[in-house]
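**Q** missing the sequence, but the structure's below:
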């Protein structure tokens, strides 16, 4: 797999939710910069 596409949404309680479309990767954060780091960490942990 060369590319993972994430759907980014506003979380109902505030912050952001990131969900991968083709694999089971999900994370959330309070701001977009933190979300970027958490997405990279979640991908590293998944693979």
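**A** Thanks, I have it. Note that the structure is predicted; figures quoted are calculated from it, not measured.
**Q** okay, CA-based contacts and neighbour counts for the rest of this
**A** Fine.
**Q** surely residue 43 is in contact with residue 24?
**A** No - in this structure, residue 43 is not within contact of residue 24 by Cα atoms under 8 Å, at 9.8 Å.
**Q** so these two - more neighbours on which side?
**A** Neighbours were counted for residue 43 and for residue 24 using other Cα atoms under 10 Å; residue 43 has more, 16 against 9.
**Q** so what's the closest residue to the more buried one other than its chain neighbours up against?
**A** With sequence-adjacent residues excluded and distances taken as Cα to Cα, 6 or more residues apart in numbering, residue 43 is closest to residue 25, at 7.1 Å. Residue 25 makes contact with 19, 42-43, 46 under the criterion Cα atoms under 8 Å, 6 or more residues apart in numbering.
**Q** only the buried subset of those residues, as a PyMOL command please.
**A** Selecting in PyMOL just the buried members of the contacts of residue 25, where the criterion is 16 or more other Cα atoms under 10 Å, is done with this command:
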select buried, resi 19+43
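**Q** from the contacts of residue 25, which ones fall inside helices?
**A** Secondary structure from DSSP state H places 42-43, 46 of those in helices.
**Q** any chance of the contacts of residue 25 in a markdown table, with pLDDT and distance to residue 34 too?
**A** Listed next are those as a markdown table, based on pLDDT from 0 to 100; distance: Cα to Cα, whole Å:
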| residue | pLDDT | distance to residue 34 |
| --- | --- | --- |
| 19 | 98 | 15 |
| 42 | 97 | 12 |
| 43 | 96 | 14 |
| 46 | 95 | 18 |
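**Q** looking at the contacts of residue 25, which is nearest residue 4?
**A** Distance ranking of the contacts of residue 25 against residue 4, using Cα to Cα, places residue 43 first at 8.9 Å.
**Q** enumerate every residue touching residue 19.
**A** Remark: with contacts taken as Cα under 8 Å, 6+ apart, residue 19 is in contact with 6-8, 25-27.
**Q** this completes my enquiry, with thanks.
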